[in-house]
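**Q** What follows is a predicted structure for the sequence shown.
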Amino acid sequence: EAPQGEVETAIASIWAEVLQLDRVGRHDNFFELGGHSLLAVTVIDRMRAAGLESDVRRIFATPTVAGLSVSLGRDEATVVVPPNLIPAGCQQITPAMLPMVSLTQEQIARIVAAVPGGHVNVQDIYPLAPLQEGILFHHRMAAANDPYLQHAIFTFDTEARLHGFVAALQAVVRRHDILRTSVAWEGLPEPVQVVWRDAPIAIEQTAIDPAAGDAVHQLRDRFHAGQHRLDLQQAPLLRGIVTEDTGDGRWALLILFHHMVLDHTTLEIVQQEVQMQLLGRGEELARPKAFREFVGQARLGMSRQSHEAFFRRMLGTVEEPTAPYGLMDVQGDGSAIAQAQRA
């Protein structure tokens, strides 16, 4: 059914643009159309720019165009995320500068001690988003393989183009606070993320054996995400490994990155921005939204009890674990499987 009225039409237009759809009906569900929490933040920004004041929790509570339109007329308090109070060049971060987290001066000192450059290199400190808390839990539970460590591989025909790509990627890292973020948890009342002002990407060069076959395959096999871990307490949560294929003159770059800061959607955004930087059009990119805004909306917009109640309603009929083909007795994590067949 087509949207009705100016407000529904405006909301549907924004959803269609953000979700890259031709059209959106008034009863279509935002999340069933492919939306997720990060895109919800983008939708809220576009709505506010169009004069439609709302917040992320309303999209979760009323995820249809019609429902969201009705909710805009309700007298509900808008979530106000407190501003970052750490000034540039700050020599001493105090608890009063951290409105989103409760830390003592001693705890702040512990966090800052792990950041190169100390206080002046700390831009912000705030808690994890709920999803990040789950990712950190599994990272710490995994004794060896980190289930949230991923990789991407890029190839270049010249060393100059490789260096240009790395420089462009570093420029993108400087733009986005989430890409300059580390995580701290030891000795703290709750895990926090620490935004660094300067976080250079670590690039390691390694040699491969020309007689052993394709350089990309060797690089992937040697630095497979299932065989390595990233130190979440050091930003950025991505690392580059470079090798030269002396056989055909190509260069290959493998980027290890953590799902704590990058997923499939944001990786596409990073690649698009890298391309803009390489074309000399970096100044055309819109000013990025601070990740603290998303965290604030997620944590302040709805209580933890409300989140738990929502998932209890959603999963209330699930009484036992589910697994593919009902196979529960599985040994290992699957990383050693080269090929699997079902008879």
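**A** On my side now, so go ahead. Numbering: from 1, shown residues only.
**Q** Could you pick out the longest helix of the protein?
**A** The longest helix of the chain (DSSP state H) is helix 159-175.
**Q** contacting residues around that helix?
**A** 154, 156, 179-180, 198-201, 203, 236, 238, 240, 242, 244, 251, 253, 255, 270, 273-275, 277-278, 282, 285, 288 (C-beta atoms under 8 Å, 6 or more residues apart in numbering). Backbone N, C-alpha and C define where each C-beta goes, glycine included.
**Q** any idea of the mean pLDDT in the helix or strand just after that helix?
**A** Where DSSP states H and E defines the elements, the next helix or strand beyond helix 159-175 is strand 181-184. Regarding strand 181-184, the rounded mean pLDDT is 97.
**Q** name the helices or strands packed onto strand 181-184?
**A** Here strand 181-184 touches strand 192-196, going by 3 or more C-beta pairs under 8 Å, 6 or more residues apart in numbering; DSSP states H and E.
**Q** next one: the next helix or strand after the strand it packs on to chain centre, how far?
**A** Going down the chain from strand 192-196, the next helix or strand is strand 202-205, by DSSP H and E. Averaging C-alpha positions (C-alpha atoms, centre = their mean, to the nearest Å) puts strand 202-205 22 Å from its chain's average.
**Q** quick one, strands of the protein?
**A** Here the chain has its strands, by DSSP state E, at 122-127, 149-156, 181-184, 192-196, 202-205, 238-245, 250-258.
**Q** so which of those strands gets nearest Ala323?
**A** With C-beta to C-beta as the measure, strand 149-156 is the member of those nearest Ala323 (22.8 Å).
**Q** List the buried residues in the longest helix of the chain.
**A** Residues Leu162, Phe165, Val166, Ala168, Leu169, Gln170, Ala171, Val172, Val173, Arg175 are the ones in helix 159-175 that count as buried (16 or more other C-beta atoms under 10 Å).
**Q** Among the residues you listed, pick out the one closest to Ile11, please.
**A** Arg175 (28.6 Å).
**Q** Where does the prediction get shaky in the protein?
**A** Counting by pLDDT under 70, the ranges of the chain that qualify are 73-78, 225-226, 301-303, 328-343.
**Q** Domain map for it?
**A** 5-71, 95-288 (automatic domain parsing).
**Q** Would you reformat these as TSV and include distance to Val295?
**A** TSV is the format used below for those (distance: least, C-beta to C-beta, whole Å):
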stretch	distance to Val295
domain 5-71	10
domain 95-288	5
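**Q** Could you save the buried residues of helix 159-175 as JSON lines and add columns showing distance to Ile14?
**A** Below are the buried residues of helix 159-175 laid out as JSON lines (distance: C-beta to C-beta, whole Å):
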{"residue": "Leu162", "distance to Ile14": "39"}
{"residue": "Phe165", "distance to Ile14": "33"}
{"residue": "Val166", "distance to Ile14": "35"}
{"residue": "Ala168", "distance to Ile14": "30"}
{"residue": "Leu169", "distance to Ile14": "30"}
{"residue": "Gln170", "distance to Ile14": "32"}
{"residue": "Ala171", "distance to Ile14": "29"}
{"residue": "Val172", "distance to Ile14": "25"}
{"residue": "Val173", "distance to Ile14": "29"}
{"residue": "Arg175", "distance to Ile14": "23"}
